[in-house]
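S.K.: here's a sequence, model it:
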Amino acid sequence: MDAVPDASRITPPILLAGFPNPVQLALRVDIDPSGFELSDLRSSLPATLEQKPGPGQRLRLHAGQRLDRDFILRFRIGGTHPRAALVLSPDAAPSEEGTFLVTLVPPTAGRPAAKPRTVGFVLDRSGSMGGWKIVAARRALARMVDTLRTEDRFAVFAFDTVVETPPDLGGPTPVPATDRHRFRAVEFLTGLQARGGTEMLPALTQALTQLGTDRDRDRLLVLVTDGQVGNEAQILQALGDQLAAVRVFVVGIDQVVNAGFLERLARMTGGHCELVESEDRLDGVLEALHRRLEAPVLTDLRLQPEGFAALPESLAPNRLPDLFPSTPLVVSGRYRGQPGGTLVLTGTDGDGRRWEDRVTGAVTALSALTPVWARAHLLDLEDRFDAGLGDRAALEHRLVWTSLRYKVLCRFTAYVAVDRSATIGPSGHHRIIQPVDLPAGWGDEAPAIARRQASVAEPRLAFRLAQRAVSTPELIFEQLREWLCEVDQGSDTIPVLLDRLARYHGLVARLRLLLNNATKLGLRDADRALLAALLQQLELLLATAEEIRRHHTEMQRLAADLRTRAVRQR
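M.R.: Numbers count the residues shown, from 1 in each chain. Predicted structure coming up:
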């Protein structure tokens, strides 16, 4: 089975340096604190705070921002005790239903009593983690290992195309967090460098298997990665029930993180995802994550509406997580009846005592609450669909119904409409390839394919095309004809080289067979490691060759189209 069927769609060409990006971002954010105290507003992109009517604040991005990094908005809310707020938004008449949203904020001070834990640390050391990211990742995990208590147990895993563990700590079960074991783990982390591909599933499987041996403890998994994988659905489905009793905390390191997948992984397990877009953010994230790895503030949370009826199976998230320090809990759902009433929240605090709070609902005409709930509900359903939890046919039907009913797209309702009433060009269609900006911070550490795309360009043609204000069509096509001659001169070299590289497939198959029978053949560990390293490099070489073949074929096609245009201009 192809683990990444959409690989060609998630590796777009890179916009060349000096070319303007045709996509411009304009964004305004209005923040309504809903009774909470709002402070310390921060944005990852340059922005300005503005006055707005009513309570809250307004933030507007500076004009002309490039789409080369994530937009992250942070702010601080909370008090000395857990606080909740309830908002109800009725549907338009004559409907008797509506959407409710409750926010539960933990206290900013105080810490629950500590309990013994078993923690699995998983570090992504693949090539895309090069530069400051691998340095920050090593530092983050080393800091977290150092904060373990003697009654805790832990295991450490580092992965690229293979999974490695610290010497003397690679047994089948987690080890006690003694000074010696923690020193060995930190020593192992310090020596790691970025390399290879990103095969996340084997590392997560090994970590969850070891965590499963300590069923009488609070089990946590900490994953540090940039999330640059394409087989998200395969990972979630393969892990399945192993995630049920483990909370996953993710630290996403990069200015362009695969946040959708990482947040799904954390959300499915009642954990949390934190993003680190620069080294300056690392200390703050580690402090917050350390608090979240402690015991929860409230557990066994229950919601009991009074004055309105919550519709069954509408809660999002469907599995109510515990309330942890520094992590507000947001729960939404659908209700039937007159808007208003109260919501009774109950739970158990860190000392084992019953906790209860009654929240009076505030009615609002904010229609955006319904699509916000619908999107959260669809994410829940898609998580269960990908993980294979429940009847897939029933989940698909529920996804389609919810998407169409509330006009929020899901995987089964997102389509591209093609208008075939007009013919564009003699071939009947015109394909447009839109390059994208190289992610911010991806310089020398960028993946090899992205570096090649960003650097392979005929300099004179790129310069002339960039200087459109002083160029003429004749000059542009003169440069174009020169470039096409160079393409023709090298057109036979690349296919010959690729055909020669294809002969390595047989060697790869023989190496795999040899490694699979290494024990029977009596190979030493050193020989086995050498063969595994050779196999890894051959696989990377063949994968790169396939990428080159695909890009060369596309270049030849484009060159043929350009040659036709150049002839017409003569």
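S.K.: make it CA atoms for all contacts and neighbour counts henceforth
M.R.: OK.
S.K.: got the contact list for the closest residue in space to residue 24 that isn't next to it in sequence?
M.R.: Spatial nearest neighbour of residue 24, excluding adjacent residues (C-alpha to C-alpha, 6 or more residues apart in numbering): residue 64 at 5.9 Å. Residues near residue 64 by C-alpha atoms under 8 Å, 6 or more residues apart in numbering: 24, 25, 26.
S.K.: what's the answer for residue 505, then?
M.R.: Taking C-alpha under 8 Å, 6+ apart as the test, what residue 505 contacts is residue 542.
S.K.: OK, contacts around residue 331?
M.R.: 101, 102, 103, 315, 316, 317, 320.
S.K.: meant to ask about residue 228
M.R.: By C-alpha under 8 Å, 6+ apart, residue 228 lies in contact with 128, 198, 257, 258.
S.K.: check residue 203 too.
M.R.: 122, 157, 158, 159, 163.
S.K.: save those as TSV, and put in secondary structure, distance to residue 534 and neighbour count too.
M.R.: Converted to TSV, the contacts of residue 203 look like this (DSSP: H, G, I helix; E, B strand; the rest coil; distance: C-alpha to C-alpha, whole Å; neighbours: other C-alpha atoms under 10 Å):
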residue	secondary structure	distance to residue 534	neighbour count
122	strand	24	26
157	strand	22	23
158	strand	19	23
159	strand	17	24
163	strand	16	19
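S.K.: and the two most separated of those residues?
M.R.: Across these, the two members that end up farthest from each other (C-alpha to C-alpha) are 122 and 163, 9.6 Å apart.
S.K.: before we move on, the earlier item: closest to residue 408 among the contacts of residue 331?
M.R.: Of these, the one sitting nearest to residue 408 (C-alpha to C-alpha) turns out to be residue 316, at 15.0 Å.
S.K.: quick one: the helices in the stretch 251-400 of the chain?
M.R.: Here the stretch 251-400 of the chain has its helices, by DSSP state H, counting those that start in this stretch, at 259-268, 282-292, 369-387, 392-406.
S.K.: likewise for the stretch 51-200 of the chain?
M.R.: Ranges of helices within the stretch 51-200 of the chain are 132-146, 179-190, 200-211, based on DSSP H, counting those that start in this stretch.
S.K.: buried ones in the last one?
M.R.: Judged by neighbour count (16 or more other C-alpha atoms under 10 Å), helix 200-211 contains these buried residues: 200, 201, 202, 203, 204, 205, 206, 207, 208, 210, 211.
S.K.: where does the stretch 251-400 of the chain dip in pLDDT?
M.R.: Along the stretch 251-400 of the chain, segments meeting pLDDT under 70 are nowhere present.
S.K.: swap in the stretch 401-550 of the chain?
M.R.: 418-434, 441-504, 506.
S.K.: re earlier: list residues touching both of residue 122 and residue 163?
M.R.: Common neighbours of residue 122 and residue 163 (C-alpha under 8 Å, 6+ apart) are 157, 203.
S.K.: on that earlier part again, okay, the helices of the stretch 51-200 of the chain in TSV with mean pLDDT and distance to residue 250 next?
M.R.: Below are the helices of the stretch 51-200 of the chain laid out as TSV (pLDDT from 0 to 100; distance: least, C-alpha to C-alpha, whole Å):
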stretch	mean pLDDT	distance to residue 250
helix 132-146	89	11
helix 179-190	91	18
helix 200-211	91	12
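S.K.: distance of residue 284 from residue 278?
M.R.: According to C-alpha to C-alpha, to the nearest Å, residue 284 and residue 278 sit 11 Å apart.
S.K.: kindly report the same for residue 345.
M.R.: For residue 345 relative to residue 278 (C-alpha to C-alpha), the value is 38 Å.
S.K.: which one of those two is surrounded by more residues?
M.R.: Legend: neighbour count by other C-alpha atoms under 10 Å for residue 345 and residue 278, higher for residue 345 (18 against 15).
S.K.: would you check how far apart the closest residue to residue 392 other than its chain neighbours and residue 295 are?
M.R.: Leaving out its chain neighbours, the residue that sits closest to residue 392 by C-alpha to C-alpha, 6+ apart is residue 385, at 5.9 Å. Distance, residue 385 to residue 295, by C-alpha to C-alpha: 30 Å.
S.K.: for residue 159, same thing?
M.R.: For residue 159, the distance to residue 295 - C-alpha to C-alpha - is 28 Å.
S.K.: got it, and residue 340?
M.R.: Distance of residue 340 to residue 295, computed by C-alpha to C-alpha: 34 Å.
S.K.: more neighbours, the two?
M.R.: The neighbour comparison of residue 340 against residue 295 (other C-alpha under 10 Å) goes to residue 295, with 22 against 19.
S.K.: quick check, that one in contact with residue 115.
M.R.: Yes: taking contacts as C-alpha atoms under 8 Å, residue 295 lies within contact range of residue 115: 6.4 Å.
S.K.: residue 158 pairs with what?
M.R.: Here residue 158 sits in beta bridges with residue 123, residue 164, as judged by DSSP bridges.
S.K.: any idea of the pLDDT on it?
M.R.: Looking at residue 158, its pLDDT is 94.
S.K.: that one contacts residue 126, correct?
M.R.: No: if you go by C-alpha under 8 Å, residue 158 and residue 126 don't touch, sitting 9.2 Å apart.
S.K.: now residue 378. Nearest residue, chain neighbours left out?
M.R.: residue 399 (6.3 Å).
S.K.: how many residues are close by that neighbour?
M.R.: Residue 399 has 24 neighbours, counted by other C-alpha under 10 Å.
S.K.: that one and residue 39, how far apart?
M.R.: 37 Å.
S.K.: ditto for residue 134
M.R.: Separation of residue 134 from residue 39 (C-alpha to C-alpha) stands at 32 Å.
S.K.: so these two - more neighbours on which side?
M.R.: Regarding residue 134 and residue 39, a neighbour count based on other C-alpha under 10 Å identifies residue 134 as having more, with 24 against 13.
S.K.: residue contacts, that one?
M.R.: Contacts of residue 134 by C-alpha under 8 Å, 6+ apart are 125, 193, 194.
S.K.: so which of the contacts of residue 203 is the closest to residue 510?
M.R.: residue 163 (21.8 Å).
S.K.: which residues touch residue 83?
M.R.: Residue 83 neighbours (C-alpha under 8 Å, 6+ apart): 104, 105, 106, 107.
S.K.: and which of the residues you listed is nearest residue 51?
M.R.: Nearest member of the contacts of residue 83 to residue 51, counting by C-alpha to C-alpha, is residue 105, at 25.6 Å.
S.K.: residues near the spatially closest residue to the closest one that is not a sequence neighbour, how many?
M.R.: Nearest non-adjacent residue to residue 105, counting by C-alpha to C-alpha, 6+ apart: residue 328, 4.5 Å away. Residue 328 sits with 18 neighbouring residues when counted by other C-alpha under 10 Å.
S.K.: residue 379 now?
M.R.: Neighbour tally, residue 379, other C-alpha under 10 Å: 19.
S.K.: could you do residue 535 as well?
M.R.: Neighbours of residue 535 (other C-alpha under 10 Å): 19.
S.K.: with residue 385 instead?
M.R.: Neighbour tally, residue 385, other C-alpha under 10 Å: 21.
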